[in-house]
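Trainee: test case, fold it:
(chains A and B)
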Protein chains: 2
Amino acid sequence: MDDMGNGRVVFDITMSLDGYITAPGDSQAAPLGVGGDVLHDWIAAAGAAGDPVLSRLFTESGAVIAGRRTYDNSSGPDGWGTGPIGDVPVFVLTSRPTPPTGVFTFVTDGIKSALTQARAVAGDKDVYIMGGADIARQYLAAGLVDEVRIHHVPAVLCGGVRLFEGPVAGGLEITDVSSGAGVTHITYRVTESPKP
Amino acid sequence: MDDMGNGRVVFDITMSLDGYITAPGDSQAAPLGVGGDVLHDWIAAAGAAGDPVLSRLFTESGAVIAGRRTYDNSSGPDGWGTGPIGDVPVFVLTSRPTPPTGVFTFVTDGIKSALTQARAVAGDKDVYIMGGADIARQYLAAGLVDEVRIHHVPAVLCGGVRLFEGPVAGGLEITDVSSGAGVTHITYRVTESPKP
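Mentor: Okay, the predicted model is just below:
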């Protein structure tokens, strides 16, 4: 997308069968919503040996972009600790100017600025867009995502935050499918769309 | 579920990435909604040689249950012709008493009655619940489905008829995953739930 590096921009998330990425009532006490931990059962099932899909995310990401609610909900006592991926820098989109702390930089001037900063530090590694859904939708609608990886789990949550609420710029095509216990990992490539 | 046969009750449907089984504006002229034909691109891509997933549905189904809107939308000039699966009997749930015609029997006394009739003719073969979504949800909520097969396609439709709008009785677990061009087929077994 520009000449800052060869890394991809990847959005990676777990989604319920009925399209939710959190159950209702997400908060710092329940980052995935009340009853939403079922979304991450597959991660727990992968066990200490780790899951190749998760390992990949950890080794290939050079920067992370997250929304403020994701940050706030995940920075509690059982949250990220230093950061979601060790010492990988995290750019948090927010409307409230906030001094940087640890691996976190707070970005108040929009998704493109956050992406530019993230790509600059990621170099040839990937930029991993964590979400929330609103952030991911903005990047998708702007045609700024190369790859969407969805961990499809068979939970039916009946409420919460939906991943898709509007269009994705360009189409999506399946490039990889793999299975784990209680999960189907599908990688979708965002196909080129005419730039506005 | 009863002693009428060993066939399963299967709900089989194609769903968009954002959870829709039709695009907006479904009608006899556009049974999958306006722009919804993309849902069945994978069937077209499978070509004349046929798709093993589809072939299985055709050979293993001994009866079909469909809603009235599905019937009405599919009985146009480009619709089912004799029936959706050759001469396999179809039980159409409707509130309007309608004389039987061809393979079609119209059932006005509810989903359990339709299932009893379908199982009686299916014998050891499966009962295939085609939908629409409202019919499928009623069977799922009543705990009357053994297996849900979803053909997940990467289309984002942004509207139409959603498959899931409420709970599924019992949980779902993944029992099979396979890939085709532009589609991921996932089979979910409905796990036992305490009967009310």
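Trainee: do you know how far the most centrally placed residue in chain A is from residue A:9?
Mentor: The residue lying closest to the centre of chain A (CA atoms, centre = their mean) is residue A:130, at 1.9 Å. Applying CB to CB, to the nearest Å, the value for residue A:130 to residue A:9 is 12 Å. C-beta here means a position set from N, CA and C on the backbone, and glycine is covered the same way.
Trainee: overlap in contacts of the two?
Mentor: Listed contacts common to residue A:130 and residue A:9 are nil; contacts here mean CB atoms under 8 Å, 6 or more residues apart in numbering or on different chains.
Trainee: pLDDT below threshold where in chain A?
Mentor: A:1-5, A:48-50, A:76-79, A:193-196 (pLDDT under 70).
Trainee: mind listing the strands for it?
Mentor: Along chain A, the segments classed as strands by DSSP state E run A:9-16, A:20-22, A:61-67, A:90-93, A:104-107, A:126-131, A:147-153, A:161-162, A:172-180, A:183-190.
Trainee: distance to residue B:108 added to those, as a markdown table?
Mentor: A markdown table is the format used below for the strands of chain A (distance: least, CB to CB, whole Å):
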| stretch | distance to residue B:108 |
| --- | --- |
| strand A:9-16 | 35 |
| strand A:20-22 | 35 |
| strand A:61-67 | 50 |
| strand A:90-93 | 55 |
| strand A:104-107 | 60 |
| strand A:126-131 | 47 |
| strand A:147-153 | 37 |
| strand A:161-162 | 36 |
| strand A:172-180 | 42 |
| strand A:183-190 | 39 |
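Trainee: among those strands, which is nearest residue B:171?
Mentor: strand A:147-153 (10.9 Å; CB to CB).
Trainee: figure out how far that closest one is from the centre of its chain.
Mentor: Averaging C-alpha positions (CA atoms, centre = their mean, to the nearest Å) puts strand A:147-153 10 Å from its chain's average.
Trainee: and what of stretch A:94-103?
Mentor: 19 Å.
Trainee: buried ones in it, by neighbour count?
Mentor: Across stretch A:94-103, burial judged by 16 or more other CB atoms under 10 Å in any protein chain shown covers A:94, A:103.
Trainee: need the contact partners of the longest helix that chain A contains.
Mentor: The longest helix of chain A (DSSP state H) is helix A:111-122. The contact list for helix A:111-122, computed with CB under 8 Å, 6+ apart, reads A:2, A:4-5, A:7, A:9, A:61-65, A:89, A:91, A:93, A:105, A:107, A:127, A:135, A:138-139, A:142, A:144.
Trainee: and it, C-alpha only, in CSV?
Mentor: Provided in CSV are the C-alpha atoms of helix A:111-122 (Å, rounded to 0.1, in the frame of the first residue of the first chain):
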residue,chain,number,x,y,z
ILE,A,111,-7.1,5.5,11.5
LYS,A,112,-4.7,6.5,8.7
SER,A,113,-2.3,8.2,11.1
ALA,A,114,-2.4,5.1,13.4
LEU,A,115,-1.6,2.9,10.4
THR,A,116,1.2,5.1,9.2
GLN,A,117,2.8,5.0,12.6
ALA,A,118,2.2,1.3,13.0
ARG,A,119,3.8,0.5,9.6
ALA,A,120,6.8,2.6,10.4
VAL,A,121,7.6,0.5,13.4
ALA,A,122,6.5,-2.8,11.9
